[in-house]
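> Give me coordinates for this.
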Amino acid sequence: MPRSRFSAVLYLFLVFASGILVGVVSYRLYMTKTVNANSPQTMAEFRKRYLSEMRVKVKVNDAQVAAVVGLLDDAKKKFDDLHAQETPLHDKIQADLIESIRAQLTDQQKVAYDAWRIEREKAKARADAAKK
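Below is the predicted model:
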């Protein structure tokens, strides 16, 4: 009888220990796949890290850093201009989609659809405000 009691305790311990081990490994795997603490959060942090790494790894001098800063500023302006050009096109496609969907709906459904869209836009605005 004592031997079977010892076996039961041993098996119970092994089950709990393996559960803890699997939990720890899963948590570590999840955290390494989803959280990247090294990534810059703002454009200023990205620029600072980018220039720092260029100084260390590429060994650029101050004149070259100044030139790279100018190039980064120029590229940012071009991206901003591109975004400004794309925004009206995006808005037109979105408006066309909404009108096409509304054309498929009955009058009652249109009212519900419009209310639902307003609700979604408010939720998106809240989420955007929370990010800033």
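
> Just give the number of residues close to residue 71.
Residue 71: 10 surrounding residues under other C-beta atoms under 10 Å. Glycine gets a C-beta too; all of them are placed from N, C-alpha and C.

> tell me the phi and psi of it?
phi -70, psi -40 (degrees, to the nearest 10).

> From the contact counts, what lies against the helix or strand harbouring residue 94?
Assessed by DSSP states H and E, residue 94 sits inside helix 62-103. For helix 62-103, the elements it packs on are helix 43-53, helix 107-131, judged by 3 or more C-beta pairs under 8 Å, 6 or more residues apart in numbering; DSSP states H and E.

> Mean neighbour count and distance to residue 12 added to the ones you listed, as a markdown table?
As requested, these are arranged in a markdown table below (neighbours: other C-beta atoms under 10 Å; distance: least, C-beta to C-beta, whole Å):
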| stretch | mean neighbour count | distance to residue 12 |
| --- | --- | --- |
| helix 43-53 | 12 | 50 |
| helix 107-131 | 10 | 46 |
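
> Which one of these lies nearest to residue 6?
Nearest to residue 6, of all these, is helix 107-131, at 56.1 Å by C-beta to C-beta.

> Could you find the closest non-adjacent residue to residue 65?
residue 51 (5.9 Å; C-beta to C-beta, 6 or more residues apart in numbering).

> wait, what's in contact with the one you found?
Residue 51 makes contact with 65, 68, 69, according to C-beta atoms under 8 Å, 6 or more residues apart in numbering.

> ok, residue 124 - contacts?
If you count contacts by C-beta under 8 Å, 6+ apart, residue 124 has none.
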